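Q: This is a predicted model, with the sequence first.
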Amino acid sequence: MTMFLKSRRFMLASAVAAGLVFPIAASAATLTVMQTEAPRSMDPGDQTATYTAALLDPMYEGLVKRDTDLSLKPALATEWSADASGLVWTFKLRPDVKFHDGTAFDADAVVKNFARHLDTKRGLAASGRLRTFLDSVTAVDPMTVQFKLKTQYPAFLALLTTGPCLMVSPAADAAGTIGSKAVGTGAYKLQEYKSGEYVLQAKNTDWWGGAPKGEDQIKWTWTSEPSVMNMALQTGDADVINPFPSAFAAQVKANPEMKLSTTDGSAVFWVSLNTKLKPLDDVRVRQALNYATDKEGLVKAFMQGYATPANSPLAPVTPGYDKTLNPYPYNVEKAKQLLKDAGYPDGFAMSTIVQEQEARIGELLQAMWAKAGVKLEVRKMEGGVWSKAAFLDPAGKEKDNIGSSIASWSSGVNGADLQFRPLYYTKSASPAGANLGFFSDPKLDGMIDKAASTLDEKARNAIYVDAQKEVNEQAPHVLLYTKRDLFATRAGVSGVWMIPGGGIVVKDGKKK
């Protein structure tokens with residue numbers, strides 16, 4: 001869990017606290033936000049977790065931004081254009097913008113931001129999605145930059161709104177402190193970062209956009225306990241809860257002092273199967289696990305109905321999604337037959353790793369798969385430990401006997417390529433990307449590449465329909481469900497909104 005899946009980058013032990021950076025009055029009005037996990041990094045380009053991205057959003061900006069209607073608008077760039085080939089893009093930069101450390105935002109800063117992602121030696125968590133199609137970034141003059149693409153990429157502007165394209169201070173990056181001390185250009189600055197406890201952000205009074213609309217401070221806290229999240233909203237200890245636990249949704253809807261917001265989400269939950277381990281290297285075994293999964297039952301038991309059983313690696317809100325697919329209706333007998341055909345008439349044993357807040361998924365699957373003869377060991381892990389284990393290479397996972405990982409991924413509103421490529425592309429195999437099961441299918445790789453450079457939307461979506469069918473057939477994942485986005489606020493909170501996939505935007509949030 002752009003993304004629900006937990007990033008392989010987790011907070012370093014050395015990042016105990018960033019310390020007070022900017023003094024602020026003790027009586028300052030504060031909007032308190034509680035999420036399910038701690039931030040993975042203060043560097044937006046070195047993490048791919050949805051809730052970390054939400055926390056970083058008030059402090060960082062890209063050349064382009066999403067507006068409340070999800071349209072793309074100018075941010076640190078004031079205008080842009082592409083040449084006839086669609087391979088060369090020119091951006092005019094916003095003048096008189098400074099990073100929070102006082103250094104200038106200009107073309108040189110943009111070039112350095114993208115150079116760190118094109119440098120394979122840096123190993124930043126979010127770089128892969130750029131290196132696939134980005135050839136170079138150069139400064140035309142101090143306030144103009146030019147991007148050269150390797151191939152046409154229809155989702156280029158959308159991608160510029162995501163983590164690796166958010167501008168960090170080159171000085172802070174060079175100093176090696178950006179992972180624990182955020183330095184962007186946004187409406188809020190980092191005030192204090194106390195590892196394991198909270199992040200405090202303060203208004204940037206020098207922001208180029210004028211006086212920020214939100215409260216004086218934004219305080220971020222976190223817990224994996226649904227009951228604690230619910231109680232924090234009830235008592236007013238938190239003004240915003242994201243995501244709000246579906247188990248308490250009815251309770252909040254009935255309380256006039258609180259407000260529950262639900263929207264169609266883009267996060268697809270799944271079990272990534274280690275295709276390098278026997279018997280999961282056999283497609284029949286992977287298909288059997290899909291047939292043995294009662295998705296409807298899972299949605300009712302774990303999500304209280306606030307989810308849709310997954311029939312595709314894409315979410316229904318993603319362009320190209322095919323609603324007609326139904327590859328694996330619940331069928332235990334079919335699962336048993338496939339296991340028998342694969343040489344496992346008595347089933348087999350395997351393991352899965354899961355973060356604490358999603359452990360219930362593992363327990364439900366354990367009971368379901370047992371009916372087909374599969375003995376599932378569920379290993380519950382704290383977020384940082386899970387991230388490290390989930391992004392091990394094949395040898396590391398074989399050594400630890402990690403047969404699968406339970407997680408989710410959201411491409412938000414940024415297109416199907418950012419769902420397919422990180423999860424199923426051969427070169428995205430962990431630790432380089434989020435292909436946690438090391439799945440490799442040259443046929444699918446070709447579809448992903450062809451779709452990414454197809455400008456005609458109808459033709460592109462037709463390729464994605466075929467790609468969905470190929471993923472379903474090869475079954476590298478046990479697809480579970482697409483989650484509806486739920487967040488809750490105190491009744492007097494305004495200006496908070498959600499980007500599909502779970503990314504909450506709070507920088508304009510106000511309390512009565």
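A: Right, received. Where do you want to start?
Q: In contact with the closest residue to A452 other than its chain neighbours, which residues?
A: Counting by Cβ to Cβ, 6 or more residues apart in numbering, A452 lies nearest to D417, which is 4.8 Å off, once chain neighbours are set aside. Backbone N, C-alpha and C define where each C-beta goes, glycine included. Residues in contact with D417 (Cβ atoms under 8 Å, 6 or more residues apart in numbering) are Y153, A155, S411, I448, A451, A452.
Q: neighbours of the third one, just the number please.
A: So that's S411. 28 (other Cβ atoms under 10 Å).
Q: before we move on, what about the last one?
A: By other Cβ under 10 Å, 22 other residues sit near A452.
Q: So in the chain, where's the weakest helix or strand by average pLDDT?
A: helix 128-131 (a mean of 86; mean pLDDT, DSSP states H and E).
Q: Let me see the backbone angles for the residue nearest to A452.
A: phi -60, psi -40 (degrees, to the nearest 10).
Q: now swap in V137 and tell me
A: phi -130, psi 130.
Q: Tell me who's in contact with D282.
A: A342.
Q: which SS class is W409?
A: strand (DSSP: H, G, I helix; E, B strand; the rest coil).
Q: Going along the chain, name the helices of the stretch 201-350 of the chain.
A: Using DSSP state H, counting those that start in this stretch, the helices found in the stretch 201-350 of the chain span residues 226-235, 249-253, 283-291, 295-303, 332-341.
Q: got the CA positions of the shortest one in CSV?
A: Looking back up the chat, that one is helix 249-253. Below are the C-alpha coordinates for helix 249-253, written out as CSV (Å, rounded to 0.1, in the frame of the first residue of the first chain):
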residue,chain,number,x,y,z
ALA,A,249,-18.2,3.0,8.9
ALA,A,250,-21.9,2.6,10.0
GLN,A,251,-21.1,4.0,13.4
VAL,A,252,-19.6,7.2,11.9
LYS,A,253,-22.4,7.6,9.3
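Q: okay, and for the stretch 251-400 of the chain, where does confidence drop off?
A: Nowhere does the stretch 251-400 of the chain drop to pLDDT under 70.
Q: What residues sit buried inside the longest helix seen in the chain?
A: Longest helix of the chain, by residue count under DSSP state H: helix 457-474. Burial within helix 457-474, assessed by neighbour count using 16 or more other Cβ atoms under 10 Å, is assigned to R460, N461, I463, Y464, V465, D466, A467, Q468, E470, V471, N472, Q474.
Q: what's the angle from it to helix 283-291?
A: 100 degrees (axes from the mean of the first three to the mean of the last three Cα atoms, to 10 degrees).
Q: Does A267 touch S408 like I think?
A: Yes: taking Cβ atoms under 8 Å as the definition, A267 is a contact partner of S408 at 4.8 Å.
Q: out of those two, which sits in the more crowded spot?
A: A267 (27 against 24).
Q: tell me the contacts of the more buried one?
A: Contacts of A267 by Cβ under 8 Å, 6+ apart are M1, F4, T50, A315, S408, W409, S410, T482, K483, D485, G501, G502.
Q: okay if I get the buried residues of helix 457-474 as CSV plus pLDDT and distance to Q337?
A: CSV is the format used below for those (pLDDT from 0 to 100; distance: Cβ to Cβ, whole Å):
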residue, pLDDT, distance to Q337
R460, 93, 37
N461, 94, 34
I463, 97, 32
Y464, 96, 31
V465, 97, 28
D466, 97, 27
A467, 98, 27
Q468, 98, 25
E470, 98, 23
V471, 98, 22
N472, 98, 18
Q474, 98, 19
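Q: Make a markdown table out of the residues you listed and add distance to P327.
A: A markdown table is the format used below for the buried residues of helix 457-474 (distance: Cβ to Cβ, whole Å):
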| residue | distance to P327 |
| --- | --- |
| R460 | 22 |
| N461 | 19 |
| I463 | 18 |
| Y464 | 16 |
| V465 | 13 |
| D466 | 14 |
| A467 | 13 |
| Q468 | 9 |
| E470 | 11 |
| V471 | 9 |
| N472 | 4 |
| Q474 | 11 |
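Q: Just the closest of those to Q217, please.
A: For these, the minimum distance to Q217 (Cβ to Cβ) is 42.9 Å, reached by Y464.
Q: State the distance from the nearest residue to the closest one once chain neighbours are set aside to D417.
A: Excluding its sequence neighbours, the residue lying closest to Y464 (Cβ to Cβ, 6+ apart) is G320, at 3.3 Å. Separation of G320 from D417 (Cβ to Cβ, to the nearest Å): 10 Å.
Q: intersection of neighbour lists for the two?
A: A451.
Q: which of the contacts of D417 sit farthest apart?
A: It's Y153 and S411 that sit farthest apart of these, by Cβ to Cβ, at 14.1 Å.
Q: which residues of the stretch 1-150 of the chain fall in helices?
A: Using DSSP H, counting those that start in this stretch, helices in the stretch 1-150 of the chain cover 50-56, 107-118, 128-131.
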